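Colleague: What follows is a predicted protein model with its sequence.
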Amino acid sequence: MNTVLAVCPNPEVAYRPPAPEPLSAIASLLRVIARGERNLLSLLPAEAYTVKIGRLGWSRRGIVLVNDPAMVMDILKDPQHIFPKNDLMVSALEGLVGRSMFVSHGEVWKRQRRMIDPAFSHMRIDRSYASMFEATEDHVRDLKQSAAKREVLSLDKVMSRLTADIVCRAIFSTSLDQGVARSVFEDFLIFERSCASVDLGRLILGKPWESIPQPPAVAAACERIRSHIGVMLDERKERLETGPDDIAQALLMARDPETGEGFSREELIDQLGVFFLAGHETTASALTWAFYILSQHPHAAKRMRQEYESVVGEGELTLEKAKRLSYTRNVFRESMRLYPPITFIPRVALKDTTIGHYAVKRGNMIMIAPWSLHRHADLWSNPNHFDPDRFVNEEDKAHAVGAYIPFGLGPRVCVGAAFATLEATLILARLMNTFDFRVLDPDSVRPAARLTTRPEKEIEITLTELARKTA
Ligand code: HEM
């Protein structure tokens, strides 16, 4: 069934943000070679946006791209346990997060989730809003100073720092500027920039289950991050009885209900590393794109400010009010449709099998690509245009199951989805209502698939504080 989702954008307000022009398979390959690119998005041929399922070019492991919502649901729900997380992604991340819940599968994953699930209550939005709000206000204060000095800032770094601060407060009840937390963040930046998760050479020439060594700078950054997290953990262990009630505390206290055992120190570092990485890098990617789009799309920026004015006015942006900022939330959703932070959700086939009627072989990479699914010609009207109103209609939202998957789907769906949506709504609303964002070179912005979907080069901006004062 083809379900074209949602309304056509009004031509007066239609905005088409940057994406590689889809070309034939050969032309895409030549483009990548000619530019010396390492960007998988540029390699995606035009068919990637129209097929339901098919082989993606030539590769040693065999890559099968799946764009059909029903097939996507079957694979991600995986009732027969034959499509675990892809080995290439697992080996790219394991230096940092070991065998944590993000990369484990089967019984190991089940045990981890049994133990960790109580910690997720700390991500409940009513519990976490106050500290998200405080962190955002601290950053608004700093950004006002940068605006006054006309400083040129990296939009990517501003967003990474703010989201890392928010997740750091949720995990350790400490701000990013305190102690070793700052070093963790700086090493995460090195990891993000050079992690070999989407290395085209490995993707095309590597054999299934062949492990990939990380570049030495990344391996060293992983070691440092793990050691810093270990220091924070040991410090917390010493005051377990009196420490704050946060994610670190909940993981230290976690016990397997079947065996009564807790996590070892290494396991705790794995899991905390995942919370830190998955909990800030993705949201930072989504916000970077959302603010870039808003800087180029005055109509959307104006509607957001009008919504803020009518819902929040001069008062404080409370949780109740944040929940009512529906246009702002839809700006976030639509930004993640066009630039899904997790560009690809790869799996591996553990045995020869079929997907629909399509035969796949053991070791094939099963590539579920939010990037192509979210821009698929059969699923979305004007797929490359930015139109937050396509999320207004409840019926369309229901159709979108399996077609709109920024947070994944099935048992491995993101545990931080509600947290991230609230956090992003708060940040978008507060910052857009305080500053005007000017991008210095908007035409040079191009997306690239790295650890998350990021601009190829950092986006340089200046901020101007808006005359109208609110909270
Ligand atoms: C916009 C923000 C976010 C996006 C787009 C996002 C996306 C995703 C996706 C696509 C997955 C599934 C990956 C797969 O199936 O292979 C996932 C899993 C996960 N996410 Fe998120 N995420 C976001 C924010 C967060 C936050 C804020 C946290 C925690 C503080 C978090 C923690 C996790 C964890 C722990 C998993 C693994 C769950 C499991 O496998 O048991 N994420 N995320």
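Modeller: Now that the structure is in, tell me what you want to look at. Numbers count the residues shown, from 1 in each chain.
Colleague: Would you point out the helix or strand in the chain whose mean pLDDT is lowest?
Modeller: Ranked by mean pLDDT, DSSP states H and E, the weakest helix or strand in the chain is helix 394-399, scoring a mean of 61.
Colleague: Let me know the secondary structure of the residue lying closest to Arg255 once chain neighbours are set aside.
Modeller: Excluding the flanking residues, the one nearest Arg255 by Cβ to Cβ, 6 or more residues apart in numbering is Gly262, at 5.5 Å. All C-beta atoms are positioned from the backbone trio N, CA, C, and that covers glycine. Judged by DSSP: H, G, I helix; E, B strand; the rest coil, the three-state class of Gly262 is coil.
Colleague: again with Ala92
Modeller: helix.
Colleague: count of neighbours near it?
Modeller: Residues within reach of Ala92, counting by other Cβ atoms under 10 Å, total 22.
Colleague: Quick check: it touching Ile212?
Modeller: Yes - when contacts are counted by Cβ atoms under 8 Å, Ala92 is listed as touching Ile212 (6.3 Å).
Colleague: hmm, back to that, distance of the residue nearest to Arg255 relative to Ala250?
Modeller: 11 Å (Cβ to Cβ, to the nearest Å).
Colleague: Those two: who's more crowded?
Modeller: Ala250 (18 against 14).
Colleague: mind listing what's buried in the helix or strand harbouring Phe437?
Modeller: Assessed by DSSP states H and E, Phe437 sits inside strand 435-439. Under the neighbour-count criterion of 16 or more other Cβ atoms under 10 Å, strand 435-439 has Phe435, Asp436, Phe437, Val439 buried.
Colleague: Closest one of these to the ligand?
Modeller: The closest of the buried residues of strand 435-439 to the ligand turns out to be Phe437 (Cβ to the nearest ligand atom; 19.3 Å).
Colleague: excluding its backbone neighbours, what's nearest that closest one?
Modeller: That would be Ser295: by Cβ to Cβ, 6+ apart, it lies 4.3 Å from Phe437.
Colleague: Also Ala301?
Modeller: Per Cβ to Cβ, 6+ apart, closest to Ala301 is Leu294, 4.7 Å.
Colleague: Show the contacting residues for that neighbour.
Modeller: Ala300, Ala301, Met304, Val331, Leu428, Met432, Phe437 (Cβ atoms under 8 Å, 6 or more residues apart in numbering).
Colleague: Can you tell me which of these lies closest to the ligand?
Modeller: Nearest to the ligand among the contacts of Leu294, with distances taken as Cβ to the nearest ligand atom, is Leu428, at 11.9 Å.
Colleague: Please compute how far the host helix or strand of that closest one lies from its chain's middle.
Modeller: Of the helices and strands defined by DSSP H and E, Leu428 is found in helix 417-432. Its chain's average C-alpha position is 13 Å from that of helix 417-432, according to Cα atoms, centre = their mean, to the nearest Å.
Colleague: Run through the stretch 301-450 of the chain and note the low-pLDDT ranges.
Modeller: Counting by pLDDT under 70, the stretch 301-450 of the chain shows low-confidence ranges at 394-399.
Colleague: Quick check: residues of the stretch 1-150 of the chain near the ligand?
Modeller: Counting by Cβ under 6 Å from any ligand atom, the residues of the stretch 1-150 of the chain close to the ligand are Lys85, Met101, Phe102, Arg113, Met123.
Colleague: Enumerate every residue touching the nearest residue to the second one once chain neighbours are set aside.
Modeller: Sequence neighbours aside, Gln112 is the residue nearest to Met101 in space, at 4.4 Å (criterion: Cβ to Cβ, 6+ apart). With Cβ under 8 Å, 6+ apart as the criterion, the residues that contact Gln112 are Ser100, Met101, Ser104, Gln271.
Colleague: what helix or strand does Gln112 sit in?
Modeller: Secondary structure (DSSP H and E) places Gln112 in helix 106-116.
Colleague: Please apply the same query to Leu143.
Modeller: helix 125-148.
Colleague: Would you mark the buried spots in that helix?
Modeller: Those would be 128-129, 131-133, 135-136, 138-140, 143, 146-147, for helix 125-148 by 16+ other Cβ under 10 Å.
Colleague: quick one: which of the residues you listed is nearest to Ile33?
Modeller: Ser146 (40.2 Å; Cβ to Cβ).
Colleague: I'd say the closest one and Glu465 touch.
Modeller: No - counting by Cβ under 8 Å, Ser146 sits too far from Glu465 to count as a contact (10.0 Å).
Colleague: ok, back up a step: turn the buried residues of helix 125-148 into CSV, columns for pLDDT.
Modeller: Below are these laid out as CSV (pLDDT from 0 to 100):
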residue, pLDDT
Ser128, 92
Tyr129, 95
Ser131, 95
Met132, 96
Phe133, 97
Ala135, 97
Thr136, 98
Asp138, 97
His139, 97
Val140, 98
Leu143, 98
Ser146, 98
Ala147, 98
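Colleague: quick one: the helices in the stretch 51-200 of the chain?
Modeller: Along the stretch 51-200 of the chain, counting by DSSP state H, counting those that start in this stretch, helices occupy 69-77, 87-97, 106-116, 125-148, 155-172, 181-194, 200-205.
Colleague: same for the fifth one, what does it pack against?
Modeller: This points to helix 155-172. helix 125-148, helix 181-194, helix 247-253, helix 265-296, helix 417-432, strand 460-465 (3 or more Cβ pairs under 8 Å, 6 or more residues apart in numbering; DSSP states H and E).
Colleague: circling back to that earlier point, just put the buried residues of strand 435-439 in CSV and tack on distance to the ligand.
Modeller: Below are those laid out as CSV (distance: Cβ to the nearest ligand atom, whole Å):
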residue, distance to the ligand
Phe435, 21
Asp436, 24
Phe437, 19
Val439, 21
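Colleague: which one of the helices of the stretch 51-200 of the chain is the most hemmed in?
Modeller: helix 155-172 (a mean of 24; mean count of other Cβ atoms under 10 Å).
Colleague: mind checking how far that helix is from the chain centre?
Modeller: Using Cα atoms, centre = their mean, the offset of helix 155-172 from its chain centre is 13 Å.
Colleague: can you tell me which residues contact the closest residue to Phe102 other than its chain neighbours?
Modeller: Leaving aside its sequence neighbours, Phe102 sits nearest to Val274 (Cβ to Cβ, 6+ apart; 4.6 Å). Counting by Cβ under 8 Å, 6+ apart, Val274 touches Val97, Ser100, Met101, Phe102.
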